[in-house]
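[1] What would the 3D arrangement of this be:
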Amino acid sequence: MKQIHCPLIGLRPSSEYIYAGAWRPMPSPDQCSDAEWGRYVFHRDSVPGVRRELWYHSPSGTWLVAERDTLTDQFLRTLGLAEAVSEARQGEVEGA
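    Take a look at the predicted model:
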């Protein structure tokens, strides 16, 4: 049985999770251009590989971001939502 790591309680069966789509940090609507907002809303990269996805763990009521290789269906790591947002912000600062 496939298992996914919950940041709160450890490895749990995948049947306890609900997939909620690709996870991408949202740009601030009042601090980005219309073109940047349009890219965020309408453009998706659907090339197979490692993706960040939003998942919900039903028993613990926890939202998490999982890095999953869509070619092998392997979960590489999971992060709490706050940790994923913090990483994304840190990446923006380093990339600027």
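
[2] Next one: Pro25 relative to Ser58, how far apart?
    24 Å (CB to CB, to the nearest Å). The way it works is simple: take the backbone N, C-alpha and C, and place the C-beta from them, glycine included.

[3] More neighbours: those two, which one.
    Shown here are Pro25 and Ser58; by other CB atoms under 10 Å, Pro25 has more neighbours (15 against 11).

[4] helix/strand/coil for the closest residue to that one other than its chain neighbours?
    Sequence neighbours aside, Ala88 is the residue nearest to Pro25 in space, at 4.0 Å (criterion: CB to CB, 6 or more residues apart in numbering). At Ala88 the chain is in helix, as set by DSSP: H, G, I helix; E, B strand; the rest coil.

[5] in which helix or strand would I find the residue nearest to Val65 when sequence neighbours are not counted?
    Counting by CB to CB, 6+ apart, the nearest residue to Val65 once its immediate chain neighbours are dropped is Ala84, at 3.8 Å. Using DSSP states H and E, Ala84 sits in helix 81-95.

[6] Now do the residue nearest to Val65, the pLDDT please.
    pLDDT for Ala84: 88.

[7] okay but it is in contact with Trp63, surely?
    No: look at Ala84 against Trp63 with CB atoms under 8 Å: they stay out of range, at 9.4 Å.

[8] Between the two, tell me which one has more neighbours.
    Taking other CB under 10 Å, Ala84 and Trp63 do not tie; Ala84 has more neighbours (20 against 17).

[9] which stretches of the protein have low pLDDT?
    91-96 (pLDDT under 70).

[10] Break down it into its helices, ranges please.
    For the chain, the helices defined by DSSP state H cover 34-42, 81-95.

[11] thinking again about what came up before, now do the residue nearest to Val65 against Glu16, distance only.
    Look at Ala84 and Glu16: by CB to CB, they are 20 Å apart.

[12] How are the strands of the protein distributed by residue range?
    Along the chain, counting by DSSP state E, strands occupy 3-6, 10-13, 17-22, 50-57, 62-69, 74-80.
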